[in-house]
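Trainee: sequence unknown, structure follows:
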């Protein structure tokens, strides 16, 4: 697995600002969103990685795949506490090992993508196939 890390201005970590400032097309940038769901007494946290041009279908596709009754985006406080990463820099690399990671098939087919690094002060460039090979990853169509 090959990846590259580049320092960025932390105030420009949000996708739109990053892409504009560093002239990275939105179609090459991917967002990692954290979701939280429940079925009976069981709680589940998971990550979804989609291209910045797309939206994850959390309420149908992701909920069904994870076999959850209720699902929503995790709160900022929960996402930060559970991942140990900075909000706006959350990445699928280094998540808790019991978390499912759902990677959209368009991300997996991408030559190179830019993702968060765990902090707001840098980004990672990595091949889509390498992200798809991370432990605990399911590749599927998760966009609307």
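Mentor: Arrived safely. What you see is a predicted model; the values in this text were computed from it and never measured. Residues are numbered from 1 along each chain as shown.
Trainee: Identify the residues contacting the helix or strand containing residue 115?
Mentor: For residue 115, the host element (DSSP states H and E) is strand 112-116. For strand 112-116, contacts defined as CB atoms under 8 Å, 6 or more residues apart in numbering pick out 13, 18, 24, 28-30, 32, 49, 51, 85, 88-93, 107, 123-128, 131. Every C-beta, even on glycine, is put in place using the N, C-alpha and C of the backbone.
Trainee: show me where the chain has strands.
Mentor: 3-7, 30-39, 42-51, 70-73, 101-104, 112-116, 122-127, 137-140 (DSSP state E).
Trainee: Most tightly packed of those strands?
Mentor: Most buried of the strands of the chain, by mean neighbour count (mean count of other CB atoms under 10 Å): strand 101-104, with a mean of 24.
Trainee: Neighbouring strands - and their directions - for that strand?
Mentor: Its sheet considered, strand 101-104 pairs with strand 42-51 (parallel), strand 137-140 (parallel) by DSSP bridges.
Trainee: State the mean pLDDT of the longest one.
Mentor: Average pLDDT, strand 42-51: 95.
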